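Student: Dropping a prediction and its sequence here:
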Amino acid sequence: MPFVVLGLPLLLWLIPESRDPEPKRLDPIGVLLSVVGLTALIYGIIEGGKNGAWGTTEVLGSLSGGIALIALFIWTQRRPGASLDLSLFRKPAFSAGTAAVAITFFALMGLMFVLTFYLQAVRGYDPLEAGAYMIPLSLGLLLVAPRAAAIVRRVGAKAAVTTGMLTVAIGTGSFMWVESDTSMWPVEVLLFVMGIGMGAVIAPATEAVMGTIPREKAGAGSAVNNTVRMVGGALGVAIMGSVLSASYREGIGDEVAILPSGQEEARESIGGTFAAAEELVKAIRQGRLPMEGLGGVSHLLNTARDAFVDSMHNVALWTMVVCGIGALVALLFLPGRESVARGVNTDTTSDRVPTPTR
């Protein structure tokens, strides 16, 4: 709250205004289609990964319905007055920049979702301690992001974003070697490296996106950029959470058979396993089950930690692959240093007047 209270008047004071000479009205149909379509798609991904039942009517119906609604949304946006200006995506730099931002937040939110469980369930930290261990990620972002404009002027958006995406890929991929007893110092270094990479992607990619459109379309471009960022983060949690759940279910196997109840919930996540094990320990201590069961509980919890760490490695691998794809997109489609230095708009269909670099 203090940052928001401070930030709002600074935004009003420092950010220049832009106004579309042909403003669009609210598009309730487009808004409804996009919200319901994305919700159905993400729900299907989460349910399919959680239960491993991708072929069920519920999951298939949710996925197919979500895809159909999103396709219908895109089709409706071709009409005048639509909420999404599809013409913006004709610019390669705009599309590549928004893709880089989406992939970065996909990696960020997906890995943070996994690390939350790793720090609390596997390492045993409380929520405040787990949050504190995430600080190096923010420090890396704060160190690099304010220097984005200078970085882009010096090396160009292509080199900045590509290097940043590769750095994020290396940082996330390195978590494949993090185990349940790994010292926290290497983990902190990896988080800091990821923060540096993300700072080198988000701000330069956003600058590349906004630099391709006329000033009067800045509101539309910013809205698209923010929306894509949030969708990327939501998909990161949904998809990487599904990968985590599926891998964990395979790793825990039939070890949950010692539980008198809650076996299905225990197979889905390490949190479910720990909750069911806690109920079992309570029953043993109350004399409702024999004391010999405590040894089985200890074995189950150790197996759960190992299964989760293996699942985290799978998530790190797939996140690294996605970031590698993002680096390739940036390398192919973002403008290089010469275009930035000359203030040249790489899209010949735009009527935007090039502005010289300061």
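Tutor: Thanks, I have it.
Student: From here on, just use CA atoms for contacts and neighbour counts.
Tutor: OK.
Student: where does the stretch 51-200 of the chain have low pLDDT?
Tutor: 51, 80-81 (pLDDT under 70).
Student: swap the cut-off to 90 and go again
Tutor: Flagging of the stretch 51-200 of the chain using pLDDT under 90 yields the residue ranges 51-59, 73-101, 108, 111-112, 144-157, 199-200.
Student: Could you pull out the strands in the chain for me?
Tutor: Ranges of strands in the chain, per DSSP state E: none exist.
Student: residue at max distance from the center of it?
Tutor: Computed with C-alpha atoms, centre = their mean, the residue of the chain farthest from its C-alpha average is residue 287, at 46.0 Å.
Student: For it, give me its contacts.
Tutor: With C-alpha atoms under 8 Å, 6 or more residues apart in numbering as the criterion, no residue contacts residue 287.
Student: Could you measure from it over to residue 281?
Tutor: Using C-alpha to C-alpha, to the nearest Å, one obtains 10 Å as the distance from residue 287 to residue 281.
Student: Kindly report the same for residue 315.
Tutor: Counting by C-alpha to C-alpha, the gap from residue 315 to residue 281 is 31 Å.
Student: more crowded one of these two?
Tutor: residue 315 (27 against 18; other C-alpha atoms under 10 Å).
Student: Make sure that one is actually in contact with residue 245.
Tutor: No. Using C-alpha atoms under 8 Å, residue 315 is not in contact with residue 245, being 10.1 Å away.
Student: Number of residues surrounding residue 181?
Tutor: Here the count is done by other C-alpha under 10 Å, and residue 181 has 8 residues near it.
Student: cool, the one 5 residues further on as well?
Tutor: Residue crowding around residue 186 was assessed by other C-alpha under 10 Å; the count is 13.
Student: and if you look at the one 5 residues further on?
Tutor: Residue 191 has 25 neighbours, counted by other C-alpha under 10 Å.
Student: Nearest residue to the residue nearest in space to the middle of the chain in space, please, no chain neighbours.
Tutor: Geometric centre of the chain, nearest residue: residue 106, 2.3 Å, by C-alpha atoms, centre = their mean. Using C-alpha to C-alpha, 6 or more residues apart in numbering and skipping residues adjacent in sequence, the residue nearest residue 106 is residue 236, 4.1 Å away.
Student: can you pull the contacts of the one you found?
Tutor: 105-110.
Student: tell me the mean pLDDT for the helix of greatest length in the chain?
Tutor: If you go by DSSP state H, the chain has its longest helix at helix 293-333. Model confidence over helix 293-333 averages 89 on the pLDDT scale.
Student: and residue 285, how many neighbours?
Tutor: Residue 285, neighbours per other C-alpha under 10 Å, totals 12.
Student: Oh, that last question was meant for residue 159, not what I typed.
Tutor: 23.
Student: Do I have it right that it meets residue 336?
Tutor: Yes. Counting by C-alpha under 8 Å, residue 159 does reach residue 336; the two are 6.9 Å apart.
Student: I figured residue 330 hits residue 97, correct?
Tutor: Yes. Under the criterion of C-alpha under 8 Å, residue 330 makes contact with residue 97 at 7.2 Å.
Student: Quick check, the residue nearest to the centre of the chain in contact with residue 241.
Tutor: No. Using C-alpha under 8 Å, residue 106 is not in contact with residue 241, being 11.4 Å away.
Student: on that earlier part again, top of the contacts of residue 236 by neighbour count?
Tutor: residue 107 (30 neighbours).
Student: How about the contacts made by it?
Tutor: So residue 107 contacts 172, 233, 236, 319, 322-323 (C-alpha under 8 Å, 6+ apart).
Student: mind redoing it with 6 Å?
Tutor: residue 319 (C-alpha atoms under 6 Å, 6 or more residues apart in numbering).
Student: Great, nothing more from me.
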